[in-house]
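Student: sharing a model prediction with you, sequence too.
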Amino acid sequence: MSLEEMWRDLAPIGRTSGGGYFRQPFTSAEREAHAWFLAEATRRDLRVEQDGNGNAVAWWDPPEASDLPALVTGSHLDSVLDGGAFDGPLGVASALAAVDALRERGWTPRRRVGVSVFVEEEGSRFGLACLGSRLATGTTSAAQAAGLRDRDGVRFDEAMAAAGLDPRLGQSPLLAGVDTFVELHVEQGRYLAHLDKPVAVASAIWPHGRYRFTFCGEPNHAGTTRMGDRHDPMLTYAVTALAANKQARLAQQRATFGRVEVTPNSTNGIPSSVTAWLDARCESEQALSDLVEGVLRQAGERAERDGTTVSMIAESISGSVLFDPSLARRLADPRGWPIIPTQAGHDAGIMSAAGISTAMLFVRNPTGVSHSPAEHAEMADCLAGVEALADVVSELAG
């Protein structure tokens, strides 16, 4: 089955009337997408293994027994809330299409080649990005994962069980003997559009983190409370959001408050508390620390003036990732592919940090828009990505 045909079958799953996608982990849409992957693996006679974290790998075994380390390629099928079609699924479908392309070339692997699907890459349900790959590599413990809850209070393991899975959280046997990981992903930026190239190789991932700010004040009546008598946490939050934006712009870094919860969330009342999540990404770990500390300092100064309080908890921090530079040059230089950094987190970053030799391929995104229904890649570029991935797999696993 061609990439175009797979894309036609996968595209409706979890799609809304507005064109966005809701494929949160262990929901019906994400499970339907996972079932699609299993069916495509079976169609290709790939041997499927699944672990107790919700991850899966479909193995293309060599014709003769081999003790060589395995190569894995793939991505994820879950989405952010109201996300785009390409972030994650393009890497999975392209990996399957690359298997087809290699078979059409008459190529066979000398070592195991796996097509992977990692669960909860986006962190859209349980708040910790790349959770499936973190668990698989042992960088997040079973106890940490079991304590995660979604917005309705459902635990990660409870959600797995409700979806008919057997939760056995912890380091995964799926990655035993794997020494190379290659992830293809739609670019989440416009480097390739500016360079007029369809494919690139990643050099690094910026360090990034998610930080929960809690602003507390005094609830009161919206009409009878004089403006000068208020202790309004919404004002403290608003000034903090503006401060984060200004600091990030001046330093040419990234800071985003994208999620807010207000208590009691009434129209005619001053709130008692505001909880807001900051996503911060910077070119270095020192720059990230400086940015977040600066935002918290300004939040505290404003809280003192407003008669409110502010506290912050770092929910997750991912350090900078430098992909294997010799591998990146080996793949990029002979083919004229550019080598570019990315500000987005990926399972590839977790695999690299776990000591697995890792590379990423990016497929051009003409507008650079991502995490949005407007996310897009031209099919011609996607097909170029399949050929590029097939070339890389044949070189590294042949």
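Tutor: Perfect, I can see it now. Numbers count the residues shown, from 1 in each chain.
Student: relative to A35, how far out is L10?
Tutor: Separation of L10 from A35 (Cβ to Cβ, to the nearest Å): 11 Å. C-beta here means a position set from N, CA and C on the backbone, and glycine is covered the same way.
Student: who's more crowded, these two?
Tutor: Taking neighbours as other Cβ atoms under 10 Å, L10 and A35 compare with L10 leading, 21 against 11.
Student: isn't that one up against A93?
Tutor: Yes - L10 is within contact range of A93, at 6.4 Å (criterion: Cβ atoms under 8 Å).
Student: who touches the closest residue to N268 other than its chain neighbours in this structure?
Tutor: Residue nearest to N268 in three dimensions, not counting chain neighbours: A222, with 4.6 Å by Cβ to Cβ, 6 or more residues apart in numbering. Counting by Cβ atoms under 8 Å, 6 or more residues apart in numbering, A222 makes contact with 267-270.
Student: neighbour-wise, which of these leads?
Tutor: Using other Cβ under 10 Å as the neighbour criterion, I270 leads the contacts of A222 with 19 neighbours.
Student: list the contacts for that one?
Tutor: With Cβ under 8 Å, 6+ apart, I270 has these contacts: 217-222, 225, 230-232, 234.
Student: residues shared between the contacts of L10 and A35?
Tutor: In contact with both L10 and A35: no residue, using Cβ under 8 Å, 6+ apart.
Student: who's the closest residue to P338 other than its chain neighbours bridged to?
Tutor: Spatial nearest neighbour of P338, excluding adjacent residues (Cβ to Cβ, 6+ apart): A200 at 4.7 Å. Bridge pairing for A200 (DSSP bridges) gives the partners F362.
Student: and V154, how many neighbours?
Tutor: When counting by other Cβ under 10 Å, one arrives at 15 neighbours for V154.
Student: make that A251, sorry
Tutor: With other Cβ under 10 Å as criterion, A251 counts 15.
Student: intersection of neighbour lists for L10 and A93?
Tutor: Counting by Cβ under 8 Å, 6+ apart, L10 and A93 have no contacts in common.
Student: quick revisit: list the contacts of the residue nearest to P338.
Tutor: 187, 191-192, 332, 337-340, 361-362 are the contacts of A200 under Cβ under 8 Å, 6+ apart.
Student: ok, and the most crowded of these?
Tutor: Highest count within the contacts of A200 by other Cβ under 10 Å belongs to F362, 27 neighbours.
Student: model confidence for it, exactly?
Tutor: At F362, the model reports a pLDDT of 97.
Student: equivalent analysis for the one 5 residues further on, please.
Tutor: Per-residue confidence at T367 stands at 93 (pLDDT).
Student: now do the contacts for the residue nearest to Y21 when sequence neighbours are not counted.
Tutor: Computed as Cβ to Cβ, 6+ apart, the closest residue to Y21 that is not its neighbour in sequence is S79, at 4.3 Å. Neighbour list for S79: 14, 21-24, 87-88, 122, 124 [criterion: Cβ under 8 Å, 6+ apart].
Student: buried residues of the helix or strand in which A98 is found, list them for me.
Tutor: A98 is part of helix 89-104 when elements are defined by DSSP states H and E. By 16 or more other Cβ atoms under 10 Å, the buried positions in helix 89-104 come out as 89-102.
Student: could you give the angle of the helix or strand following that helix to helix 89-104?
Tutor: Downstream of helix 89-104, the first helix or strand assigned by DSSP H and E is strand 113-118. If you take axes from the mean of the first three to the mean of the last three Cα atoms, to 10 degrees, strand 113-118 sits at 170 degrees to helix 89-104.
Student: pLDDT averaged over strand 113-118 - what is it?
Tutor: The model assigns strand 113-118 a mean pLDDT of 98.
Student: show me the contact partners of it.
Tutor: Applying Cβ under 8 Å, 6+ apart, the external contacts of strand 113-118 come out as 34, 37, 41, 46, 55-60, 70-77, 92, 95-96, 99, 130, 132-133, 136, 174, 178, 347, 393, 397.
Student: next one: stretch 131-148
Tutor: Contacts of stretch 131-148 (Cβ under 8 Å, 6+ apart): 51, 53-55, 76, 118-121, 123, 126-128, 155-157, 169-172, 174-175, 347, 350-351, 353-354, 356.
Student: then stretch 383-393?
Tutor: Applying Cβ under 8 Å, 6+ apart, the contact partners of stretch 383-393 are 3, 71, 73, 90, 94-95, 97-98, 101-102, 105, 109, 113, 182, 184, 198-199, 331, 335, 337, 359, 361, 363.
Student: the longest helix seen in the chain packs against which elements?
Tutor: When the chain is parsed with DSSP state H, its longest helix is helix 285-306. Helix 285-306 makes packing contacts with strand 208-216, helix 233-251, strand 273-281, strand 309-318 when contacts are defined by 3 or more Cβ pairs under 8 Å, 6 or more residues apart in numbering; DSSP states H and E.
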